[in-house]
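In: Fold the following, please.
(one chain, ligands or ions: 1)
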Amino acid sequence: MGKKRAYVVMNGRQTGVFDTWDEVEPLVKGFKRAKYQGYSSRDDAEQAWQANQAAAPSFATAAGAPAAPTFASVPPPPAFVPASAPAFVPVPPPPPLTPSIRDMKAAILQAGLGVADLVEKSDVVERYRQALAAARPAAPAFVPRGAASSPPEDPVAAAARAAAVPVRPSNPRPPPMRGSVTTPTRPADDGADERHELTEEQESVCAAAMRGESLFFTGNAGTGKTTTMRELITRLPQRGSGKVFVTASTGAAAVLCRGTTLHSFAGIGLGKESTGLLIKKLSKAARKRWGQASTLVIDEISMIDGTLLDKIDAVGRAARGSSRPFGGVQVIVSGDFMQLPPVKVSRFAFEADVWPTAFGSNQFCLTRVFRQRDQSFVSLLNELRVGRASPATCATLQATVARGLGAVDGIEPTKLFARNVQVDAINKQRLLELAGATTTLRAQDEGDVRRIEQCSYPAELHLRIGAQIMLLKNIDVEKKLINGSRGKVLAIQRKDGQIDSIKCQFKNAGEWNVKRDEATVEEAGKVLASRSQFPLRLAWALSIHKSQGQTIDLLDCDLQGCFEDGQAYTAVSRASDMENLVVRNFSPRVVKASAKCLAFDQRLRRGGAAPAEDEDDVVDLTADSAPAPAPASGGWNYADGRRPPPNRAATLPTGAPNCLAGKVFVTTGVLPTLDRDQIKAIATKHGGRCTGAVSSKTTHLIAGEVLDDGRPVAESGKYKKAVTLGTAIISEAEFRAMIR
Ligand SMILES: Nc1ncnc2c1ncn2[C@@H]1O[C@H](COP(=O)(O)OP(=O)(O)OP(=O)(O)O)[C@@H](O)[C@H]1O
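Out: Just a heads-up that it's a prediction; the model follows:
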């Protein structure tokens, strides 16, 4: 049997996807009817988990809590089918199913409901009926003519089958989408369509860009990176020295900055081939683009893989016949590595070979946070940013659940979830709660349709009057009708027997008739595929990935299942104030930060210098940070030349390579600055080990003062076992002291 690289725990003390058996063992060992499975890759495990989640979508309420049992009916058929769409006929309702209790149990387990729920037969039956009801809306109410005569599939099986199809990550590397090199705009809610007077530090970024320098600028969430980028893109053409190409990592991000994808600009397709082959296959059109480019802007650089960046550098050099980085094109990159990482990262962009030569001496940090005005909220976010949650932060965020957020102008708070299946389930459930018929609007795809799968326009859009929606394209920037604008459906309007437009009421932008739009996938100037669809999506809920870059005025986020570094930080930092924020399922466990990115971030903030022996690693860059001495040499630019003071929040100590040889650590409780991943990384780096459960082999238990839920650490099972076995119980400070 191959080595297991990831595990899914469907029933255990905690459920979800885990990377090591060490993590899984304490969750399932001794847990009655534990259910878990090992997989050879994290991707497989994620897919299995999502399939497991998808099988029971409607058991979560809008608030993410278990719903009261309801038997949702099959949604009524669409009142209208556009003539331009294929003709459809209704499917007769599925015949009543009479499964055995065993079948029902299997279906329920498959739906991830947990055996603990199966108390008695009647409960099993009710749960099965719920699973059935939940799955029914997922099955199309209409199928293409000709297919209608085939017997309908068991909806639960259909849901399971659908869930078994590999689920694409929510921020996959997309096919290139059509883009234009124009002033970017952002969703209406974030106020990014307003032009602001730039601060001194934002101006200093623009000034360097206008001098023709390549540069990287970063900053915490909400410090105005996109605002600055937008401004400098309007200014750059004034240099008049060539074309400015605006790109982003994904199709969605490209839409946000009204650019194109980096892949599309560079002419490298998906960029999977070797550098040599990419150069060989480079089209004439791509060579021409490279030749014309004076400036290449890359937004959300944190989502670009370092290996890909090196390939693009090599392609640029080859296309332009120059050995300078990117063939001598000025490259301006921006992003925050502490937010969501690329889907599959072999190296981060800052680890690319080209990074130090291209940007090493010209890196800027925006330090003033605009999105949140309340400094205590900014400080709380700074903790999450570095992967930390103090007991005070836990208490503050957990207390938000008691808060009820109401609708404003008829638009409800946006709910954020870690996974698409949760988002889809909520949107589907809320749609079905509205009275009236569902209208199904099918996309009209042409060309190589596989390539259009990543298009943000949905293949099928189900609407009812009153549905909460989000606009997926910029219609009128002046009127604030732009990508991300939220509103609700007022009417579905027909002309000559076809659906002509969807009349929507948008928040802050009034009523608008939204018409069909066409998205295309191009390569080398050739349209490979196109999708015609109304540029709308249901928007009671959004995924955290899709929320990146947005400001959300009324935010209700559920952090259950947050699995990625920076995910919790990205979610919570969308809010502009604490009063309009609800955070569900918060625990320090969901707060993760990549140790590599953290080290990079902190190194840069120190001006590239190694940490002083007595200096901690993490610095606090809030606006109210006290000025500190300027760095001796360049590398990190602050408008006023200061560098921030250290925040004694977290350090990753370094000692002799084998100073922890033979030591086996286990952690329990909330540690002051380090999390278990960091302890593990530190232990491994110094010849020791870190495991998930206390055993006779454990040499040290590193204990915080309290558990995630606030109970004293002495109540933890690990603590009690360590006491029984006589294992040394130490604090984080004592652990640090062992590393010399
Ligand atoms: N100079 C400024 N003056 C006033 N408001 C500003 C300024 N710069 C940015 N803002 C506002 O701050 C908010 C956040 O800006 P922006 O979205 O550009 O931040 P960001 O750093 O890109 O955030 P994220 O990393 O979360 O995407 C927006 O509402 C924007 O309008």
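In: Flag the helix or strand of this structure with the lowest per-element mean pLDDT.
Out: strand 142-144 (a mean of 22; mean pLDDT, DSSP states H and E).
In: Okay, now the unreliable bits of the stretch 151-300 of the chain?
Out: Scanning the stretch 151-300 of the chain for pLDDT under 70 picks out the ranges 151-195, 250-259.
In: Report how many residues lie close to whatever residue of it ends up closest to the ligand.
Out: Across the stretch 151-300 of the chain, the shortest distance to the ligand (CB to the nearest ligand atom) belongs to Gly224, at 2.9 Å. From N, CA and C alone the C-beta is placed, and that goes for glycine too. Other residues within reach of Gly224 by the criterion other CB atoms under 10 Å amount to 23.
In: What does it show for phi and psi?
Out: phi 90, psi 30 (degrees, to the nearest 10).
In: Contact partners for it?
Out: Contacts for Gly224 (CB atoms under 8 Å, 6 or more residues apart in numbering) come out as His196, Leu198, Thr199, Gln202, Leu366, Arg368, Phe370.
In: Look through the stretch 351-500 of the chain and state the residue closest to the ligand.
Out: For the stretch 351-500 of the chain, CB to the nearest ligand atom, closest residue to the ligand: Phe370, 3.1 Å.
In: Wasn't that residue part of a helix?
Out: No - Phe370: not assigned to a helix; according to DSSP: H, G, I helix; E, B strand; the rest coil it is coil.
In: I figured it was touching Gly222, is that so?
Out: Yes - shown here, Phe370 and Gly222 form a contact pair, counting by CB atoms under 8 Å, at 5.7 Å.
In: between the two, which one's more packed in?
Out: Gly222 (23 against 18).
In: Which residue comes closest to that one once chain neighbours are left out?
Out: Distance criterion CB to CB, 6 or more residues apart in numbering; nearest residue to Gly222, sequence neighbours excluded, is Arg371 at 2.8 Å.
In: What of Ile426?
Out: Leaving out its chain neighbours, Ile426 is closest to Ala541 (CB to CB, 6+ apart), at 4.0 Å.
In: What are the neighbouring residues in contact with that neighbour?
Out: Ala62, Thr414, Lys415, Leu416, Phe417, Gln422, Val423, Ile426, Asn427 are the contacts of Ala541 under CB under 8 Å, 6+ apart.
In: Spatially nearest residue to the last one, not counting backbone neighbours?
Out: What sits nearest to Asn427 in space, not counting adjacent residues and going by CB to CB, 6+ apart, is Leu538, at 3.9 Å.
In: and the gap between Gly316 and Arg289?
Out: 10 Å (CB to CB, to the nearest Å).
In: again, but for Thr691
Out: From Thr691 over to Arg289 (counting by CB to CB), the distance is 52 Å.
In: What of Val706?
Out: 57 Å.
In: May I have the beta-bridge partners of the residue nearest to Asn427?
Out: On the basis of DSSP bridges, Leu538 is bridged to Ile469.
In: With Gln330 instead?
Out: Where Gln330 sits in a bridge, its partners, by DSSP bridges, are Thr295.
In: ok, it touching Ser294?
Out: Yes - between Gln330 and Ser294 there is a contact at 6.3 Å, judged by CB under 8 Å.
In: Could you check which of the two is surrounded by more residues?
Out: Gln330 (23 against 17).
In: check contacts around Ile739.
Out: Pro653, Thr654, Gly655, Cys659, Leu660, Ile682, His686.
In: rewinding a little: the residue nearest to Gly222 - how many residues pack around it?
Out: 22.
In: cool, the one 5 residues further on as well?
Out: A count of nearby residues for Ser376, using other CB under 10 Å, gives 11.
In: where does it sit relative to Val421, distance-wise?
Out: Relative to Val421, and taking CB to CB, Ser376 is found at 34 Å.
In: Repeat that for Arg605.
Out: Noted for Arg605: a distance of 37 Å to Val421, by CB to CB.
In: And for Thr260?
Out: 30 Å.
In: go on, Thr551?
Out: Counting by CB to CB, the gap from Thr551 to Val421 is 26 Å.
In: Please consider this matter closed, and thank you.
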